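Asker: I'd like to go over a predicted model; first the sequence, then the structure.
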Amino acid sequence: QKEVEQNSGPLSVPEGAIASLNCTYSDRVSQSFFWYRQYSGKSPELIMSIYSNGDKEDGRFTAQLNKASQYVSLLIRDSQPSDSATYLCAGYAGNNRKLIWGLGTSLAVNP
Amino acid sequence: DGGITQSPKYLFRKEGQNVTLSCEQNLNHDAMYWYRQDPGQGLRLIYYSQIVNDFQKGDIAEGYSVSREKKESFPLTVTSAQKNPTAFYLCASKMVGIDSPLHFGNGTRLTVT
């Protein structure tokens, strides 16, 4: 099992729908997680940080962390075509606090 | 505004030449990182530095070198020993000591022919 795993997609949703992106992690990865958005040809941009079990909301974005099931998800409400991008999940692991990255999920929001 | 500046945005070199990518930050972050991104392979860590005059190899350091003479600056040299240097290079920084997120520069796309 990869330490941080994401479905590569593409995930396709209609405009206005809820997009749900998921990330699972191994025992070695801790409970500090981040979601980044990366547009094609651009650098990753931080969307959400989540450090404790439960939900964290910021505008149209909600991050959910479930420690028991070892997954973290990102919900995007009222999806817009401008949300079309690759979403990267990352979490810290080990005593040296190395950031472990998933390979990303490609999201396409169709008008 | 605080941020991370990478230059140049695009860089073209001939095989066998060394090339240096610039990364400057004014976020007052202690830790700085260099990643490489290739299609389908995600972000791979090249080098990182948590304090001035100290740096550590990441997962794919062979063929690369760095220096950290100032807190604000962390240049990356891609040497002729790097077998596949064509890639998108990302510099990032963060505060040390807590599980804080990385902040990225805009990246440098290096093409070696």
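Answerer: Received it, and whenever you're ready, just let me know what you need.
Asker: give me the residue from chain A nearest chain B.
Answerer: Nearest to chain B in chain A, going by Cβ to the nearest Cβ, is residue A:32, at a distance of 3.6 Å. Placement of C-beta: from N, CA and C, glycine included.
Asker: list the contacts of that residue.
Answerer: A:49-51, A:91-92, B:99 (Cβ atoms under 8 Å, 6 or more residues apart in numbering or on different chains).
Asker: hey, what's the closest residue to residue B:88 other than its chain neighbours bridged with?
Answerer: Spatial nearest neighbour of residue B:88, excluding adjacent residues (Cβ to Cβ, 6 or more residues apart in numbering or on different chains): residue B:37 at 4.5 Å. Beta-bridge partners recorded for residue B:37 (DSSP bridges): residue B:43, residue B:88.
Asker: who in chain A is up against chain B?
Answerer: A:30, A:32, A:34, A:41-46, A:49, A:51, A:88, A:90, A:92, A:97-99, A:101-104 (Cβ under 8 Å from any Cβ of the partner chain).
Asker: circling back: how close does the residue nearest to residue B:88 sit to residue B:83?
Answerer: 17 Å (Cβ to Cβ, to the nearest Å).
Asker: one step back: from the contacts of residue A:32, which land in helices?
Answerer: Among the contacts of residue A:32, no residue falls in helices (DSSP state H).
Asker: all strands of chain B, in order?
Answerer: Applying DSSP state E to chain B gives strands spanning B:4-7, B:10-13, B:19-25, B:31-38, B:42-51, B:54-57, B:64-66, B:76-78, B:87-94, B:103-104, B:108-112.
Asker: adding mean neighbour count and mean pLDDT, write these out as TSV.
Answerer: Converted to TSV, the strands of chain B look like this (neighbours: other Cβ atoms under 10 Å in any protein chain shown; pLDDT from 0 to 100):
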stretch	mean neighbour count	mean pLDDT
strand B:4-7	18	97
strand B:10-13	14	95
strand B:19-25	19	97
strand B:31-38	22	97
strand B:42-51	20	96
strand B:54-57	14	97
strand B:64-66	20	98
strand B:76-78	20	98
strand B:87-94	24	98
strand B:103-104	22	98
strand B:108-112	18	97
